[in-house]
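Undergrad: Need a 3D model of the sequence below.
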Amino acid sequence: MNLGAPAPDFADVYPEVIWWAPVTQQYEDTLIRRYRRGLSWQWLRRLVIGYGGDVIAYQAPPRHDVAPPWTYRTVHGRIDRRLRVLGALLGTAPAARAPVPLVAVAHSLGSVILSDFVYDAQAAAGPGALRARYGLALRALFSLGSPLALYALRYPHLGFDRPIALDGDARWVNALYRPDVIAYPLGPAGPAYAAAVEDWILPLRWWPWYWTPLAHLAYWNDRHLVGRVAAEVARVAALPVA
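TA: Predicted coordinates for the structure are as follows:
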């Protein structure tokens, strides 16, 4: 669907893709060019810079160390702009209409970014922050191949007990393959996540690479996952808007 044009009357589902990777990719490309001579295993170095670089670049520094803007805020700013575009397609200002249900699907580091984005918004404005800011109610969340559980290491003295708040009877499904070494269940991270999140171990497929860590790249065309997301979109679309 072309999100730059008015939606047809029969459309009641608005897809919106938020692609944050270009924010960090330009700097990673520069780093790869800088070190491409004199070192071996270049393909593996590109992989390390690509994946590890995203995590390092995204991490917000302590406020007293580095003045903004940070990559953290730049990435969040991209999400904010796309959600405002989506809100504009819905017509009136958020305060003037009932909130529209939102189903979010986030993969890998993107699931951490989305969790951070919603957490920061709710920390500043309460559980209804997305409703007030964008006129959207987060009614379902799918995290795919998510390393979010590892972020319990960031502040071990504080505990990992504050999952983001979803609206009403919303569902958070954390989908992962057993061979995906980047993905971890959220339930074992603590009681709060065990109560808020359903960890779903996806069945493996027969192609050999699905039985390896490369399964991390396989979520988007998994028929079980796609079917469940579609069913959740249908369920949420049928709910009364309130």
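Undergrad: Just the helices from this structure, written as ranges.
TA: Counting by DSSP state H, the chain has helices at residues 22-34, 42-58, 71-89, 109-125, 129-134, 191-196, 223-238.
Undergrad: Could I get these in TSV, plus columns for mean neighbour count and distance to L141?
TA: Quick note: C-beta positions are derived from backbone N, CA and C, even for glycine. Converted to TSV, the helices of the chain look like this (neighbours: other Cβ atoms under 10 Å; distance: least, Cβ to Cβ, whole Å):
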stretch	mean neighbour count	distance to L141
helix 22-34	13	22
helix 42-58	14	19
helix 71-89	17	14
helix 109-125	19	8
helix 129-134	20	11
helix 191-196	15	10
helix 223-238	14	10
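Undergrad: any idea how far the residue of the chain positioned farthest from its centre is from R45?
TA: Taking Cα atoms, centre = their mean, the residue of the chain most remote from its mean C-alpha position is G38, at 37.0 Å. In this view, G38 and R45 are 11 Å apart by Cβ to Cβ, to the nearest Å.
Undergrad: Any idea how many residues pack against the closest residue to L136 other than its chain neighbours?
TA: Of all residues not flanking L136 in the chain, L102 sits nearest, at 4.3 Å (Cβ to Cβ, 6 or more residues apart in numbering). Using other Cβ atoms under 10 Å, L102 is surrounded by 23 other residues.
Undergrad: Give me the pLDDT for L102.
TA: L102 carries a pLDDT value of 92.
Undergrad: Would you confirm that I182 contacts G110?
TA: No. Counting by Cβ atoms under 8 Å, I182 stays clear of G110, with 11.8 Å between them.
Undergrad: hmm, back to that, how far away is the residue farthest from the centre of the chain from D29?
TA: 18 Å.
Undergrad: what does G126 give?
TA: For G126, the distance to D29 - Cβ to Cβ - is 40 Å.
Undergrad: Quickly list the domain ranges of this protein.
TA: 16-70, 90-238 (automatic domain parsing).
Undergrad: could the ones you listed go into JSON lines alongside distance to H76?
TA: Shown next, in JSON lines, are the domains of the chain (distance: least, Cβ to Cβ, whole Å):
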{"stretch": "domain 16-70", "distance to H76": "9"}
{"stretch": "domain 90-238", "distance to H76": "5"}
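Undergrad: Lowest average pLDDT across those domains?
TA: The stretch with the lowest mean pLDDT among these is domain 16-70, at a mean of 83.
Undergrad: What is the end-to-end distance of it?
TA: Using Cα to Cα, to the nearest Å, the gap from the first to the last residue of domain 16-70 comes to 24 Å.
Undergrad: Give me the distance from that domain to the chain's centre.
TA: Chain-centre distance of domain 16-70: 18 Å, with Cα atoms, centre = their mean, to the nearest Å.
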